[in-house]
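Asks: my questions are about this predicted structure, shown below with the sequence.
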Amino acid sequence: MIRRNDYKNRIELLQGTLDMLILQTLRWGPQHGYGIVQTLFINSSEALQVETGSLYPALHRLERQKWVRSEWKLTESNQRAKYYSITAAGKTQLASDRNRWQQMVEVIAAIMGPQPKEGAS
């Protein structure tokens, strides 16, 4: 089990992976920045802790790509926050990212599996 404050076990995300995870989170519904961070943290069994220094540049990058859009709304606690939602282009990108991710998982799993049989090199 990964402890929340154990820095050595903190999972660092590659830029493309973070983008994919943000798009997936927004696929579940519009969120403000803090909501995205909390959703990733909770749904990863507290293993992924995305810092604001990584989140907001990623959100701005996704907006520039037109994969997400934003609008100002009031939160449940009546505070103004920018809410992000995935666009049709973002859904297309997410599907592409998922396919590439699945291929990468399969390739790594094959390499990390049992040692190949003699002569299989």
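Replies: Nice, I can see it.

Asks: from here on, just use CA atoms for contacts and neighbour counts.
Replies: OK.

Asks: chain neighbours aside, what residue packs nearest to the residue positioned nearest the centre of the chain?
Replies: Central residue check for the chain by C-alpha atoms, centre = their mean: the C-alpha nearest the mean position is that of residue 21, 1.7 Å away. What sits nearest to residue 21 in space, not counting adjacent residues and going by C-alpha to C-alpha, 6 or more residues apart in numbering, is residue 40, at 7.7 Å.

Asks: what separation is there between the one you found and residue 107?
Replies: 25 Å (C-alpha to C-alpha, to the nearest Å).

Asks: the more surrounded of these two?
Replies: Neighbour count, other C-alpha atoms under 10 Å: between residue 40 and residue 107, residue 40 has more, with 20 against 12.

Asks: that one: what's it in contact with?
Replies: Residue 40 makes contacts with 21, 25, 46, 48, 49, 50, as judged by C-alpha atoms under 8 Å, 6 or more residues apart in numbering.

Asks: am I right that it sits in a strand?
Replies: No. Counting by DSSP: H, G, I helix; E, B strand; the rest coil, residue 40 falls outside a strand, being helix.
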